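1. Structure of the sequence below:
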Amino acid sequence: MAQVLEFKLPDLGEGLTEAVIVSWLVQVGEVVAIDQPVVEVETAKAMVEVPCPYGGVVTARFGEEGAELPVGAPLLTVAVGGADPVPEPEGSGNVLVGYGTGAPPARRRRARPAAPDRANGTAAPAATAGTAVHARVPAPPAAVDGPVPVISPLVRRLARDNGLDLRGLSGSGPDGLILRADVEDALRVGATRTVAQPPAGPQAAPDDTANGRTDTRTPLKGIRGAVADKLSRSRREIPDATCWVDADATELMRARTAMNAAGASKISLLALLARISTAALARYPELNSYVDVEAREIVRLDRIHLGFAAQTDRGLVVPVVRDAHARDAESLTAEFARLTEAAHAGKLTPGELTGSTFTLNNYGVFGVDGSTPIINHPEAAMLGVGRIVPKPWVHEGELAVRQVVQLSLTFDHRVCDGGTAGGFLRYVADCVENPAVLLRTV
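-> Modelled structure (predicted):
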């Protein structure tokens, strides 16, 4: 007798509570093997393939491509064949490729209100008699003071910040789970009710199509949504300030050329800027810190995990070079190249996207001179590097054409004052203009 087992979206780790279905890798009716990847999802951190711990025939899929599912929501069901009843399997333990292995942890059951039938699932016909199905028994309606069916802390915070009572919402997720879209819809409805009443008489809604408008709406979810949330939090919590300086990078470029002419592995400009940054942070450790808001303390960190901004087709990500202060230029070059390749392929793991203590932003690759970037929360500072271009420059008392770059430092004014920020940026500029300064001071 076959048994139909339900595979749910597993715990993704790193505090991730939801994922977006990018593409299904199997069809209903297809035979899958244990640990075969069945769906590709995009989390707020990266793209990952999710392997199924069961082997058998896929009988149903839940969620279309582009749908956002919370952790614990059904992904698919698999009919496992066998003459004897199949015990509840523990799974292979290989839950997410690149996220480590191990048996999935047991989840606490949540009391949830009765849920409507899933209308969006792409499912095969219902199981016939003799086929065991892990069915959900609708729970009775929750009491007014009962638990609220919410998993995501982001959803709770969004509601709390806007004074919205989640107990009055009906969730559109599985088993009545309240999703971010439900809260946003409720807030929009509340906003429309506060505007002035329109004049008496029926009024037709404006027809954008008739006016030639073809507006499009793009949901803020996945990496784009995570970036939006993090930047908004940074701007809301961190009182940032920016200082900048122009520097003559001619000698730095010559030094790099000389290094690469030696016949060893090539050294990237980003690696040299990273070496300068870590040396500057050693002199000004106030900028390698963060503010613990709850404790009202500045936490100074003893290690430098250097983040660097990388633009990908799926949005902005910040891969992290661990222990950058302990690496030489060759090691930094290799690690930057590895992480950049993984970022463009969407294969970065959460561990490679979290934990940075300072960020290097080389926006010069976009052909611009300067910027005032938003700090990568909860860090205390970000060094920005513009393009390096030939410009007139007074060198040794004479006007000459030199390779000039604009450097900027955006910093959290809670952790230091302008003197510290200015000293840091001046030291970075001195190293760019005369790389021998770096050899003398480190």
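
2. Tell me which helix or strand Glu65 sits in.
-> In the assignment (DSSP states H and E), Glu65 maps to no helix and no strand.

3. Could you say which helix or strand holds the nearest residue to Ser356 once chain neighbours are set aside?
-> Spatial nearest neighbour of Ser356, excluding adjacent residues (CB to CB, 6 or more residues apart in numbering): Gly307 at 3.1 Å. Using the backbone N, CA and C atoms, a C-beta is placed for each residue, glycine as well. Following DSSP H and E, one finds Gly307 within strand 306-308.

4. Just the buried positions in that strand, please.
-> Leu306, Gly307, Phe308 (16 or more other CB atoms under 10 Å).

5. export these to CSV and tack on distance to Val50?
-> Conversion of the buried residues of strand 306-308 to CSV gives the following (distance: CB to CB, whole Å):
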residue, distance to Val50
Leu306, 30
Gly307, 27
Phe308, 28
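
6. Kindly tell me how buried Arg414 is, as a neighbour count.
-> Per other CB atoms under 10 Å, the neighbour tally for Arg414 reads 16.

7. so is it in a helix, a strand, or just coil?
-> coil (DSSP: H, G, I helix; E, B strand; the rest coil).

8. Compute the number of surrounding residues for the closest residue in space to it that isn't next to it in sequence.
-> Once flanking residues are discounted, Arg414 sits nearest to Val291: 5.3 Å by CB to CB, 6+ apart. Number of residues near Val291 (other CB under 10 Å) recorded here: 18.

9. Please apply the same query to Ala79.
-> 21.

10. picking that back up, how much space separates the residue nearest to Ser356 from Asn434?
-> Applying CB to CB, to the nearest Å, the value for Gly307 to Asn434 is 27 Å.

11. go on, Val245?
-> Per CB to CB, Val245 is found 14 Å from Asn434.

12. low pLDDT regions in the stretch 1-150 of the chain?
-> 1, 12-15, 44-45, 82-150 (pLDDT under 70).

13. Would you indicate which residues of stretch 363-373 are buried?
-> Tyr363, Gly364, Asp369, Gly370, Ser371, Pro373.

14. Identify the residues contacting the second one.
-> The neighbourhood of Gly364, defined by CB atoms under 8 Å, 6 or more residues apart in numbering, consists of Val385, Gly386, Arg387, Ile388, Val405.

15. contacting residues around the fourth one?
-> Listed by CB under 8 Å, 6+ apart, the contact partners of Ile388 are Ala249, Met253, Gly364, Gln403, Val404, Val405.

16. and if you look at the second one?
-> Shown in contact with Gly386 (CB under 8 Å, 6+ apart): Tyr363, Gly364, Val368, Asp369, Gly370, Ser371, Val405, Gln406, Leu407, Ser408.

17. measure the nearest residue to the fifth one once chain neighbours are set aside to Leu399 for me?
-> With CB to CB, 6+ apart as the measure, Gln406 is the residue that lies nearest to Gly370, at 4.7 Å, once sequence neighbours are left out. Gln406 sits 19 Å away from Leu399, going by CB to CB.

18. higher neighbour count, those two?
-> Gln406 (20 against 9).

19. which secondary structure elements does the helix or strand where the more buried one lies contact?
-> Assigned by DSSP H and E, Gln406 falls within strand 398-412. In terms of contacts (3 or more CB pairs under 8 Å, 6 or more residues apart in numbering; DSSP states H and E), strand 398-412 is packed against strand 240-248, helix 250-261, strand 381-385, strand 389-395, helix 418-433.

20. which residue sits closest to Val404, ignoring its sequence neighbours?
-> Lys391 (4.1 Å).

21. which residues does that neighbour form a beta bridge with?
-> Arg402 (DSSP bridges).

22. show me the contacts for it.
-> Lys391 neighbours (CB under 8 Å, 6+ apart): Val401, Arg402, Val404.
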